[in-house]
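Engineer: Any chance you can model this:
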Amino acid sequence: MSAAAHIDRESRAQPSAAPPLSSHWLAALVLAAAFVAPLPHGDKIGGLPSLCVFHNLTGLPCPGCGFTRSLVCCAHGQLGNAIIYHPLGPILFAALAWWSIIGVVSFVKSVTNSQYLRTTIDKPVKPSRLVRFASYAGLILLLAVWVARLAHVLPSPP
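Structural biologist: A predicted model of the protein is given here:
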């Protein structure tokens with residue numbers, strides 16, 4: 001047997017290494033923090049001051065103003081309050097949950113080397129045209145909400 005064939009056989013026998021930390025894990029961390037954080041009261045979560053530099057300097061809402069409070073409300077099942085804090089918060093919460101689930105499945109697949117997972121999920125998730133479209137649409141919606149808030153068409157978060 002040649003040395004190359006022997007090395008190739010050994011590399012296939014060992015399970016693949018766990019994937020490094022990625023955006024999947026960051027999404028899961030954000031969701032975990034939303035579940036752990038106390039419900040917001042007005043413009044504060046747990047009595048902490050706003051960390052938004054744009055809002056603190058200008059007094060105007062930034063495009064993402066209210067997202068943190070909205071995610072916390074979503075995590076605690078208060079969808080109405082979540083929409084008040086930021087209309088796109090529940091959509092972001094759902095996207096983070098979906099992205100976290102994909103990360104967990106990919107991680108389990110790589111660690112367990114499961115035959116079932118190899119046959120059902122055989123390719124890593126790559127940005128597709130749909131993901132790119134959703135990203136651009138999300139950016140346009142975010143800017144539209146911001147402009148509507150600045151024009152007082154939509155209320156700024158409390």
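Engineer: so which helix or strand takes in the residue most central in space within the chain?
Structural biologist: Geometric centre of the chain, nearest residue: Leu96, 3.0 Å, by C-alpha atoms, centre = their mean. Following DSSP states H and E, one finds Leu96 within helix 89-112.
Engineer: Now do Val53 against Cys74, distance only.
Structural biologist: 25 Å (C-beta to C-beta, to the nearest Å). All C-beta spots, glycine's among them, are computed from the backbone N, C-alpha and C.
Engineer: Quickly note the distance from Ala134 to Pro49.
Structural biologist: The value you get for Ala134 to Pro49, if C-beta to C-beta is used, is 33 Å.
Engineer: what's the strand or helix carrying Ala137 in contact with?
Structural biologist: Taking DSSP H and E as the definition, Ala137 sits inside helix 129-150. Contacts to helix 129-150, defined as C-beta atoms under 8 Å, 6 or more residues apart in numbering, come from residues 60-65, 86-88, 91, 95, 154-156.
Engineer: And those, which is closest to Val104?
Structural biologist: Nearest to Val104 among these is Ala95, at 15.1 Å by C-beta to C-beta.
Engineer: okay, now Trp146: neighbour count?
Structural biologist: By other C-beta atoms under 10 Å, the residues close to Trp146 number 17.
Engineer: before we move on, what about Arg69?
Structural biologist: 26.
Engineer: With Asp43 instead?
Structural biologist: Using other C-beta under 10 Å, Asp43 has 16 neighbouring residues.
Engineer: mind listing what it touches?
Structural biologist: 50, 69, 157-158.
Engineer: Most neighbours among the residues you listed, which one?
Structural biologist: Arg69 (26 neighbours).
Engineer: Tell me which helix or strand comes right after the helix or strand that residue falls within.
Structural biologist: Element membership of Arg69, judged by DSSP H and E, is helix 67-75. Remark: after helix 67-75, the chain's next helix or strand is helix 79-85, criterion DSSP H and E.
Engineer: Can you give the distance of that following helix from its chain's centre?
Structural biologist: 18 Å (C-alpha atoms, centre = their mean, to the nearest Å).
Engineer: which regions of this structure sit below the pLDDT cut-off?
Structural biologist: In the predicted model, the chain carries pLDDT under 70 at residues 1-21, 113-127.
Engineer: Same drill for Val53 and Cys74, tell me which one is more crowded.
Structural biologist: When Val53 and Cys74 are compared for neighbours, Cys74 comes out ahead with 25 against 9, by other C-beta under 10 Å.
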